[in-house]
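Novice: Structure of the sequence below:
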Amino acid sequence: MPDSLIPYDEIVQEALRAVVGRVLGQIVDGGGMLPGDHHFYITFKTGAPGVSIPAHLRERFPDEMTIVLQNKFWDLGVNETGFTVGLSFNQLPAKLDIPFAAITAFVDPAVDFGLQFQAVQADAAPEAHEAAENDAPGAAPAVTSDDGSNVVTVDFGRKK
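Specialist: Residues are numbered from 1 along each chain as shown. This is a model prediction of the structure:
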């Protein structure tokens with residue numbers, strides 16, 4: 001199956017990360033309190049671009065870290081690209097800045113809801129694609145049926 005020239009996976013990942021932003025934004029708009037038994041486990045890549053955490057946490061979690069937003073958090077803020085939150089680690093307060101692109105998982109166990117994301121690689125170049133054959137000068141015209149309409153086959157199967 002040919003590779004898609006449209007980055008569907010990236011588009012879907014970005015849309016799902018926006019769900020996290022919207023949920024956190026509703027918490028901020030509601031005064032910073034989680035309703036009912038809701039609480040969140042948020043896993044993120046500590047080395048991702050834009051992540052800002054204290055050095056002692058980066059040393060302890062050099063690749064990935066999971067935080068819990070439940071009872072003791074403060075200064076939750078959300079913008080278009082990420083969120084900030086204050087948490088305590090071993091009685092030490094810390095401010096974390098986490099871009100949505102760094103998130104690899106979001107779970108609300110109170111309602112059995114979870115999202116998993118592909119890790120964003122900052123310095124990975126996009127995969128090379130073959131040139132689209134229909135864009136070349138002098139390319140063969142589209143296949144048409146006897147009534148003059150174009151015949152198009154669409155396969156949305158996912159490459160494994």
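Novice: Output the residue ranges of the helices in the protein, listed in chain order.
Specialist: 8-29, 55-60 (DSSP state H).
Novice: Among the ones you listed, which comes closest to Thr81?
Specialist: helix 8-29 (8.7 Å; Cβ to Cβ). Every C-beta, even on glycine, is put in place using the N, C-alpha and C of the backbone.
Novice: Could you check the closest one and say which residues are buried?
Specialist: Judged by neighbour count using 16 or more other Cβ atoms under 10 Å, the buried positions of helix 8-29 are 13, 17, 20-21, 23-25, 27.
Novice: pLDDT of stretch 60-70, averaged?
Specialist: For stretch 60-70, mean pLDDT rounds to 95.
Novice: what does it contact?
Specialist: Residues outside stretch 60-70 that contact it (Cβ atoms under 8 Å, 6 or more residues apart in numbering): 27, 34, 39-47, 53, 57, 76, 85, 87, 96, 104-105.
Novice: now the end-to-end length of it.
Specialist: 22 Å (Cα to Cα, to the nearest Å).
Novice: list the buried ones in it?
Specialist: Quick answer for stretch 60-70 (16+ other Cβ under 10 Å): 61, 65, 67, 69.
Novice: Can I get those in a markdown table including distance to Gln91?
Specialist: Listed next are the buried residues of stretch 60-70 as a markdown table, based on distance: Cβ to Cβ, whole Å:
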| residue | distance to Gln91 |
| --- | --- |
| Phe61 | 18 |
| Met65 | 18 |
| Ile67 | 16 |
| Leu69 | 18 |
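Novice: Looking at the residues you listed, which is nearest Ala119?
Specialist: Among the buried residues of stretch 60-70, Met65 lies closest to Ala119 (Cβ to Cβ), at 12.9 Å.
Novice: coming back round to it: now render the helices of the chain as TSV, adding distance to Pro109.
Specialist: Below are the helices of the chain laid out as TSV (distance: least, Cβ to Cβ, whole Å):
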stretch	distance to Pro109
helix 8-29	14
helix 55-60	23
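Novice: Between those, which one is closest to Phe113.
Specialist: helix 8-29 (9.3 Å).
Novice: starting at the chain centroid, how far to that closest one?
Specialist: 7 Å (Cα atoms, centre = their mean, to the nearest Å).
Novice: ok, now stretch 43-56?
Specialist: Relative to its chain's centre, stretch 43-56 lies at 15 Å (Cα atoms, centre = their mean).
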